[in-house]
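Participant: Fold the following for me, if possible:
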Amino acid sequence: MSFLLLLLAFMPHTTGAATPASVRLPALEQAIARDDLKQIRSVLLQVDGNVVYEGYFNGADAGTLHDVRSASKSVTALLIGAAIGEGALPGVQARVYDYFPGFTARHVVDPRLRAITLQDLLTMSSLWECDDENPFSSGHEERMYVSERWLDFALSLPVKGFAPWMQRPEDSPHGRSFAYCTADSFVLGAVLERATGMPLSDYAARALERPLGITESHWNRSPEGIGMGGGGTRYRSRDLARLGQLVLDQGRGNGRQLVPRDFIAAMIQPQARTGDGSEYGYQWWGLQLTVQGRQRTVWAMSGNGGNYVFLIPDRNAVAVVTSQAYNRSFAHPQSRRILTEFLLPALR
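Facilitator: The predicted model follows:
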């Protein structure tokens, strides 16, 4: 069963059009109750920084820490931006292998791989042979998970080859050949730990979470103790909305510039094109969705099971959907349906 936890009043939208103080979504709740929408745990809609709808389902409540799986990658990208803003990282052109001199002292690394940058990892377009969508890929995440040292696994990956039927970077949209690779995001977290001198979870708490009022989260670690920047982070629904609002506010939170504005702008602009036609920024998805009869790009954090944080900039709105439909084919379509069929119409 579902319930509305809290409906708060909020100020009129900046366009001057009056917006109702709260929204009710009985059709959404009925669809979840009759299992038309399956394994949904929470739905939250926030406008102008105020929560206007909040529903919890299937045993979840406001205090539940939701395992958002790969939506964690988008938080890792924000942390890269925060570290650049603080000067701990020089910029997205920093070379990845430079942060692991112990590895390069023990291994011969192909010069093409030595040239891999943070931007290559942020855009899932490095030259590592790594593709989580291809079970035969050397870098498939399930192979990494069963290895003892995830970092050595990633840094030892071979150079990607391009068969005649594959699109080379120079022939690809935005000049980047996209391949979804969790190892990319894991190494970003490892770089953050080297650059900041802090465990990834501690840096996340200092740089983003505490400044945004996020008091509880959970970050996983690899077997060798490196923070897992690629998945499995757990947040409460309202705290996921806070992270989305930070992006809408161009990296500014609670009166502080936590992430540089130019990094945020680059993070949610097309940097690569995915296999399903979506755009991809810096670990954020530019989903191509049909909204009110027309195609539009909706930027989002996205994770296995149908976990999403959607941004609706023209309404200064953030929508959160958490779900436990892990590895189910219906998971992503139904969460996107919640946005387009139930939440966006409530904003009219």
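
Participant: Just the mean pLDDT for the strand ranked longest in the chain, thanks.
Facilitator: In the chain, taking DSSP state E as the definition, the longest strand is strand 294-303. Strand 294-303 carries an average pLDDT of 95.

Participant: Quick check: phi and psi at residue 257.
Facilitator: In terms of degrees, to the nearest 10, the main-chain angles of residue 257 are phi -80, psi 100.

Participant: OK, contacts around it?
Facilitator: 85, 251 (C-beta atoms under 8 Å, 6 or more residues apart in numbering). C-beta coordinates here come from the backbone N, C-alpha and C atoms, glycine included.

Participant: now do the one 10 residues further on
Facilitator: Contacts for residue 267 were tallied using C-beta under 8 Å, 6+ apart; they are 77, 78, 81, 122, 247, 281, 282, 283, 284.

Participant: If we use 10 Å, what do you get?
Facilitator: 74, 77-78, 80-81, 92, 122, 247, 251, 259, 281-284, 299 (C-beta atoms under 10 Å, 6 or more residues apart in numbering).

Participant: can you map out the helices along the stretch 101-250 of the chain?
Facilitator: Secondary structure of the stretch 101-250 of the chain (DSSP state H, counting those that start in this stretch): helices at 101-106, 111-114, 118-122, 141-145, 150-155, 182-196, 200-204, 237-248.

Participant: The first one - contacts with which helices or strands?
Facilitator: So that's helix 101-106. With contacts defined as 3 or more C-beta pairs under 10 Å, 6 or more residues apart in numbering; DSSP states H and E, the packing partners of helix 101-106 are helix 150-155.

Participant: how far does the helix it packs on sit from the chain's center?
Facilitator: Mean-position distance between helix 150-155 and its chain equals 22 Å (C-alpha atoms, centre = their mean, to the nearest Å).

Participant: pretty sure residue 80 contacts residue 204?
Facilitator: No - counting by C-beta atoms under 10 Å, residue 80 stays clear of residue 204, with 11.3 Å between them.

Participant: and for these two, which residues touch both?
Facilitator: 189, 192, 229.

Participant: looking at this, residue 28 is in a strand?
Facilitator: No - going by DSSP: H, G, I helix; E, B strand; the rest coil, the assignment for residue 28 is helix, not a strand.

Participant: Just give the closest residue to it, not the sequence neighbours.
Facilitator: Nearest residue to residue 28, sequence neighbours excluded (C-beta to C-beta, 6 or more residues apart in numbering): residue 342, at 4.3 Å.

Participant: Run through the residues that contact the one you found.
Facilitator: Here residue 342 is in contact with 23, 25, 27, 28, 29, 31, 37, 43, 45, 53, 319, 321 (criterion: C-beta under 10 Å, 6+ apart).

Participant: if I look at the residue lying closest to the first one once chain neighbours are set aside, how far off is residue 29?
Facilitator: When the adjacent residues along the chain are set aside, residue 23 lies closest to residue 346, with 4.2 Å between them (C-beta to C-beta, 6+ apart). As for residue 346, its distance to residue 29 is 12 Å (criterion: C-beta to C-beta, to the nearest Å).

Participant: Overlap in contacts, these two.
Facilitator: Contacts common to residue 346 and residue 29, judged by C-beta under 10 Å, 6+ apart, are absent.

Participant: The residue nearest to residue 23 contacts residue 340, doesn't it?
Facilitator: No - using C-beta under 10 Å, residue 346 is not in contact with residue 340; the gap is 11.3 Å.

Participant: For those two, indicate the residue with more neighbours.
Facilitator: residue 346 (19 against 16; other C-beta atoms under 10 Å).

Participant: Make sure residue 334 is actually in contact with residue 28.
Facilitator: No - the criterion here is C-beta under 10 Å, and residue 334 misses it with residue 28 at 11.2 Å.
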